Every structure is written in structure tokens, then in C-alpha cells.
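**Student:** no sequence for this one, just the structure:
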């Protein structure tokens, strides 16, 4: 109305991820042969006498679902002929992910308890009884969690502000700037899918070991019930995991240098918080003893092996200076030349040394107790990048310098041709 243009709207998105029962690797049976009975591994294999076997149940039928809601309002205010302001607010809500059969098992970091979802005092129907009997757990309702092993983040307010200003009495120079807060969804494949699919009590792995005489064979590789891991490794997700937020800001000066040619210089920044990272919350404290020589009693939660957790709390900070010179198509020639000087720091992108990969949440960080030790340049962001593109329209055919009166056939063959090139120069990635 008048100098104001107000926009508002809403959107809703339904997320569904379905996983059919699947089997691979150990689910088809695993056989290990050694020189136990004939002093020759191959001979033991020919006789069909393995030293160890293992089997695993197929993964369960799994259907995850959530809903994302968003509403926004924005006002474009033309203050005067030189200045325009844009400001508004967006709110985003992603509901907690649910599973059709309630198949969820998570870990309470504060209490050190393994929590299996219950509803009305009932455990998930696909829970395997032997695993329920083998490992200690707490029902979610008795743990004070109700039936929600993950909660939703309700604090996702994203203000926006921008402006465009012409400082002189012409259209040759424009100054623009803006700042906004944006939120990303929490993808279910970062931990949430695993705690509803592969955690105990939803997938059973049994191992069998032969004695000094052959007790395992191809004919009977899995006699009775096999052994279970005394300290199972699990996946856990921070129950109050947050949506990643990103504060994006920019400042730009644009200037028309001559007819059909302009220069743009920009500062662009992006500060992200609550980025996903994957610490092993059951990592042994650093010691002069090798991990392999230490027992599970050295772990914070000795009843478990690795606890591959998924959390949000990592940070990144991107800053860049960007310059672009472009020429709109004139006299058959157009080009764009751009240079970017960028620096991108994060504390969740550094790989771990291979010797510690199994102890640090899948090799995503060096030490689960010191994420800041991995703060550094992000691998894929190049410090310097120069790109130049050129398009030249050959002067042949109707309406052009040569063959302006060409026939339709000649124009179809010789007219309309272009030559283009792209030149990219950039510094190397960070190691």
C-alpha cells in the first residue's frame, strides 16, 4: 500500500523415508577359516570346517516421517527515489521425526542410560526379545522422556533486512546490503535413521567359535544361539538436537563504467552454528597406553563400545571479497571476469588420523573431547579463484556484418555461430 509492498505466506512439507528389510554382508553368513585342524587354512576350507562364523538378522521394515512448517512476512518500503528497504521475519518448525512402529532406541548422555521408546508402557513390536534380555535399558516413559526420544527445535525465528541505495542522481552507482538468519532441516540420515534401524534391539548379530575339534561346518554353521557382543557399539542422537542456523550478510557496490559494462565489488559472509558433528561420547580419555591395550572399563560407559553420537554444535565462518567485471552483449561480444578471495573456517570438517578413526566417531574429528583442535580451513574452499568467460558471435548471416543478404539455406548453415571460452585459475585445496 503506497510506498509499502507487504508479502506474507506459508508453506508445509511432508517428509517420508521408507526402508524395506535388507540383508548384506553378515546377514548372508560370515565364515572364517584358519590352520586350526590341518595346519593349512585352505585345507580347512576344503573340508568345510570354519574356526568362526557369524550371522545377522535383516534390517527391519522402517518408515520415518516428519513435517516442516514455515510462515513469513516481508515489507518492501520505497523510502524515496534513492532508498529502498526490505525487512521481514520467517519462522520454521520441523517436527520431531517419528517411526511408524515406534522403533527407536537412543542414549541419555546425562544419565548414561540406554533408552528404548515406549508408548503406553509397550515396547516397539519389532524389538528382538533376546536383545532386550541381553543389555540393560530404560523405557522412555520411565526415563522422563515420554514417547519422544528426540524433541523438536521450536526457536527458529529468522529476521531479514536489506537495502538498496543510489547515492548520486543517476542510475550508474548502487549500494546494496543485507543480513538474514536462515535455518536448515535436520536430515534423518544423520543418526536418526540409524537409531531406528540398526541399534539394539532391532538388529541381532551372533558369533560362533569352534573348539579344538571341528564343531562348526558348512552343514551346521550356526548351532543354537550364538554369542553376543559383551559391549555393543551403538548410535545416539542428542535428544534436543538443534536445527543448523546460518547468519548470512553481504555488502555490494555496483558501478556502470561505460555503456554495457559494469563493475561489482562485494563482501559476503556466512556464520553458521549448530552444524552437525559426530563425536564418540564413549571415547577413552587420552593416555600413554594404546587404545587397543585398554579395556572397556576405561570408557565413560563401560557397558558399551563406541557410541557414535550425532549432535549439533559445530561452527563455521566464511568471509569473502568478490569482484566482477561484466560486459553485456554488444557488437557480438560479451564477457564476465570474476575474482574471489575467500576464507572458510570450521571445526567439524577435519578428518582424523587413520589410527584413531574407530575411536572418534567415524573419523570425522581427531578428539571427541576437543572439537576446537580441528578448527581450520575447509578443504573444498579455495582461497583464490579467478574465472573468465567470453562469448563471441561470428559476424556471418542475416542481420550481421557479412552475408547480410544470404538465403535461408545459407543463413541456416553459416549464420548463428558463436565461439565461447572459459578460463579458471584457482589455488589448491587445503590438506
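**Tutor:** Happy to help now that I have it. Predicted model, so just to flag it, every value in this text is computed and none were measured.
**Student:** What ranges in the stretch 251-400 of the chain fall below the confidence cut-off?
**Tutor:** By pLDDT under 70, the low-scoring segments of the stretch 251-400 of the chain are 349-364.
**Student:** 80 - rerun?
**Tutor:** 291-292, 329-332, 349-366, 379, 399-400 (pLDDT under 80).
**Student:** what ranges do the helices span in it?
**Tutor:** Secondary structure of the stretch 251-400 of the chain (DSSP state H, counting those that start in this stretch): no helices present.
**Student:** residue contacts, the closest residue in space to residue 348 that isn't next to it in sequence?
**Tutor:** Residue nearest to residue 348 in three dimensions, not counting chain neighbours: residue 314, with 3.4 Å by Cβ to Cβ, 6 or more residues apart in numbering. Heads up, the C-betas are built off the backbone N, CA and C, glycines and all. Residue 314 makes contacts with 274, 275, 276, 277, 346, 347, 348, 371, as judged by Cβ atoms under 8 Å, 6 or more residues apart in numbering.
**Student:** can you check residue 242 too?
**Tutor:** 153, 274, 312, 313.
**Student:** mind listing which of these are in strands?
**Tutor:** Among the contacts of residue 242, the ones falling in strands (DSSP state E) are 274, 312, 313.
**Student:** Next up, the contacts around the first one.
**Tutor:** For residue 274, the contacting residues are 242, 243, 244, 245, 312, 313, 314, taking Cβ under 8 Å, 6+ apart as the criterion.
**Student:** which of those residues tops the neighbour count?
**Tutor:** residue 314 (24 neighbours; other Cβ atoms under 10 Å).
**Student:** Okay, and the beta partners of that residue?
**Tutor:** Applying DSSP bridges to residue 314 yields these beta-bridge partners: residue 275.
**Student:** quick one on the thing from earlier: the residue nearest to residue 348 and residue 194: what is the separation?
**Tutor:** 19 Å (Cβ to Cβ, to the nearest Å).
**Student:** How about residue 7?
**Tutor:** Residue 7 is 40 Å from residue 194, by Cβ to Cβ.
**Student:** pLDDT below threshold where in the stretch 101-250 of the chain?
**Tutor:** Looking at the stretch 101-250 of the chain by pLDDT under 80, you get 189-190.
**Student:** That one: helices as residue ranges?
**Tutor:** Using DSSP H, counting those that start in this stretch, helices in the stretch 101-250 of the chain cover 129-134, 192-195.
**Student:** so who does the closest residue in space to residue 319 that isn't next to it in sequence touch?
**Tutor:** Spatial nearest neighbour of residue 319, excluding adjacent residues (Cβ to Cβ, 6+ apart): residue 269 at 4.9 Å. Residues in contact with residue 269 (Cβ under 8 Å, 6+ apart) are 248, 249, 250, 317, 318, 319, 320.
**Student:** Using JSON lines, please lay out the helices of the stretch 101-250 of the chain together with distance to residue 220.
**Tutor:** As requested, the helices of the stretch 101-250 of the chain are exported to JSON lines (distance: least, Cβ to Cβ, whole Å):
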{"stretch": "helix 129-134", "distance to residue 220": "20"}
{"stretch": "helix 192-195", "distance to residue 220": "33"}
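**Student:** Make TSV out of the ones you listed and add mean neighbour count and distance to residue 236.
**Tutor:** TSV is the format used below for these (neighbours: other Cβ atoms under 10 Å; distance: least, Cβ to Cβ, whole Å):
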stretch	mean neighbour count	distance to residue 236
helix 129-134	14	16
helix 192-195	22	7
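**Student:** So which of these is nearest residue 106?
**Tutor:** Closest approach to residue 106 among the helices of the stretch 101-250 of the chain (Cβ to Cβ): helix 192-195, 5.3 Å.
**Student:** Show me what that closest one is packed up against.
**Tutor:** strand 62-78, strand 234-237 (3 or more Cβ pairs under 8 Å, 6 or more residues apart in numbering; DSSP states H and E).
**Student:** Which of these comes out lowest on mean pLDDT?
**Tutor:** Across the helices and strands packed on helix 192-195, strand 234-237 has the smallest mean pLDDT, namely a mean of 91.
**Student:** Which neighbouring elements make contact with that strand?
**Tutor:** When contacts are defined as 3+ Cβ pairs under 8 Å, 6+ apart, strand 234-237 packs onto strand 105-108, helix 192-195, strand 307-330.
**Student:** Go through that strand and flag the buried ones.
**Tutor:** In terms of neighbour count (16 or more other Cβ atoms under 10 Å), strand 234-237 has its buried residues at 234, 235, 236, 237.
**Student:** neighbouring strands for it, and are they parallel or not?
**Tutor:** strand 307-330 (parallel).
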